[in-house]
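Asks: here is my input, please return the structure:
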Amino acid sequence: MKRKYFGTDGIRGEVGQHPITPDFVMRLGYAAGKVFAQQGGGHGRTTILIGKDTRISGYMLESALEAGFTAAGVDVVLCGPIPTPGVAYLTRALRLSAGVVISASHNPYQDNGIKFFSADGDKLPDDIENKIESMLEEPFTCSSSMDMGKVRRLDDAAGRYIEFCKSSFPNQFDLHGLKLVVDCANGAAYHIAPNVFHELGAEVISIGNQPNGMNINDAVGATAPQACIDQVKASGADYGIALDGDADRLQMIDAHGHLFNGDELLYLVAKDRVESGKEVRGAVGTLMTNIAIEKAFLDLGIPFERAAVGDRYVLEKLKQNEWMMGGESSGHLIFLDKHTTGDGIVAALQVLATVRRSGIDIRERLLNVKMYPQVLINIRYKKQYDWKSDVALQKVQAQVIEELGANGRILIRASGTEPLLRVMVEAKTMELAQSYAEKIASHIPK
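Replies: Take a look at the predicted model:
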């Protein structure tokens, strides 16, 4: 069926505009509650966990979801601000029926969204999301007082998740002697990430840890890493750890201010595991993954496959292949032997474990990987524009592909969460990549 509401990462949009309105979100809670009750899962009564990031609109949407769930006869557990992967973990650990995150991830505070996790801590499969959409067409009713859902708050949610993150770090290592800048993007990890690294022994300098409801992702975090780079240099830190608003993305910075994206960090962990004698059966990247990373994986003897852009597609391919690790250049990194979903804090700990094990810093470990310069241009376009049928765009695209040959590649795709067309070009030099990207972008009507 054609979906009206669910995109690649739940339902997302501008607050106050359909569908991110309190009346719709209440109906969504009711519909999802009915579907989860029919599906079973969890133990005993159908119970759903609700977590959120730090956007001011989270209060309103949390109340709307809570009303919908309880009207459907479903119990609710509220855990307040917590990273998206924290909801996945707690849903599974508490044997609940499902988890819900109120977040628009890396988007500005004016946006918000709703995404769901199954009882196993996985993203919902398409068929369940389709059932929820179908249920949205049914009349909204209310359970009797006897059957109505109850609500409780999980006061120690943050502490439980902190301990889980720490447990993903090897017992034989600690972080003593390391100075880390931890950028929480004024988001859901503001009271969690600094504690994780501090309790493992690091000296922690926190930035982006003063959320006010409207400064999430604002010039801080994984999508704006310059603040973290500047703080690393100013404080003489060993590394910077930049998370996004819901802490499922990671970018890292070394003492020289060099930024490492998800592609490089994924390869680094895979390389360390191979050198440690551990089996790495394969790795999954996306259509955006740099050519150099693909070649580096193959040089290690590790099969590499590309998925569509979006962590859910990486996860799907990992499960199909029965592999353990995959990720996106944007910083979604998945290690299925550590967690069921992408987790920025857990991923950072896997990278720091490689530093502890080898005694060699990140940059030196990646000297053999020569990244192809990559230029990404985002163009906001009108909804009625059918870019796939634009003959002029197809013509210039074919011309660029021919000129690049085997020395580069291009990718044009629509964002799954915003009305943006993304034009990516990889080439042997930055000048070529920029020139070709601008050439293609100039043919897209604004």
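
Asks: list the residues that contact A437.
Replies: Contacts here follow C-beta atoms under 8 Å, 6 or more residues apart in numbering; on that basis A437 touches 375-377, 423-425. Backbone N, C-alpha and C define where each C-beta goes, glycine included.

Asks: try 6 Å this time
Replies: 375, 377, 423, 425 (C-beta atoms under 6 Å, 6 or more residues apart in numbering).

Asks: try S206
Replies: 182, 194.

Asks: swap the cut-off to 10 Å and go again
Replies: 180-184, 190-191, 193-195, 197-198, 231 (C-beta atoms under 10 Å, 6 or more residues apart in numbering).

Asks: quick one on the thing from earlier: most neighbours among the contacts of A437, which one?
Replies: V425 (27 neighbours; other C-beta atoms under 10 Å).

Asks: is that one in a bridge, and if so with what?
Replies: V375, I410 (DSSP bridges).

Asks: ok, of the contacts of A437, which one's closest to I412?
Replies: Nearest to I412 among the contacts of A437, counting by C-beta to C-beta, is V423 at 5.4 Å.

Asks: report the buried residues of the helix or strand harbouring C228.
Replies: Applying DSSP states H and E as the criterion places C228 in helix 226-235. For helix 226-235, burial by neighbour count (16 or more other C-beta atoms under 10 Å) applies to 227-229, 231-232.

Asks: chain center to it: distance?
Replies: Once both centres are worked out by C-alpha atoms, centre = their mean, to the nearest Å, helix 226-235 turns out to sit 23 Å from its chain's centre.

Asks: which one of the contacts of A437 is nearest F260?
Replies: Minimum distance to F260 across the contacts of A437 is 18.2 Å, recorded for V375 (C-beta to C-beta).

Asks: was I right to think that closest one contacts R409?
Replies: No. Look at V375 against R409 with C-beta atoms under 10 Å: they stay out of range, at 12.0 Å.

Asks: what do those two both touch?
Replies: 424-427.

Asks: by neighbours, which of those residues wins?
Replies: Ranking the shared contacts of V375 and R409 using other C-beta under 10 Å puts V425 first, with 27 neighbours.

Asks: gap between it and V375?
Replies: 5 Å (C-beta to C-beta, to the nearest Å).

Asks: okay, and D127 sits in which element?
Replies: Short version, using DSSP H and E: D127 is in helix 126-136.

Asks: what ranges do the strands span in the stretch 251-400 of the chain?
Replies: 259-260, 283-286, 304-307, 325-327, 333-335, 374-380 (DSSP state E, counting those that start in this stretch).

Asks: for I114, find the nearest of the ones you listed.
Replies: Among these, the nearest to I114 by C-beta to C-beta is strand 333-335 (21.4 Å).

Asks: list the buried residues of the closest one.
Replies: The neighbour-count check on strand 333-335 (16+ other C-beta under 10 Å) flags 333-335 as buried.

Asks: any chance of the residues you listed in TSV, with pLDDT and distance to Q320 too?
Replies: Output for these, formatted as TSV (pLDDT from 0 to 100; distance: C-beta to C-beta, whole Å):
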residue	pLDDT	distance to Q320
L333	98	19
I334	98	14
F335	98	17
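
Asks: would a markdown table of the residues you listed with distance to I11 be doable?
Replies: Shown next, in a markdown table, are the buried residues of strand 333-335 (distance: C-beta to C-beta, whole Å):
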| residue | distance to I11 |
| --- | --- |
| L333 | 24 |
| I334 | 22 |
| F335 | 27 |
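
Asks: residue most distant from the centroid, this structure?
Replies: What lies farthest from the middle of the chain is M146; by C-alpha atoms, centre = their mean that is 39.3 Å.

Asks: what secondary structure does that one sit in?
Replies: coil (DSSP: H, G, I helix; E, B strand; the rest coil).

Asks: now the helix holding C228: average pLDDT?
Replies: Mean per-residue pLDDT for helix 226-235: 98.

Asks: right, and the helix or strand after it?
Replies: Later in the chain than helix 226-235, the nearest helix or strand by DSSP H and E is strand 239-243.
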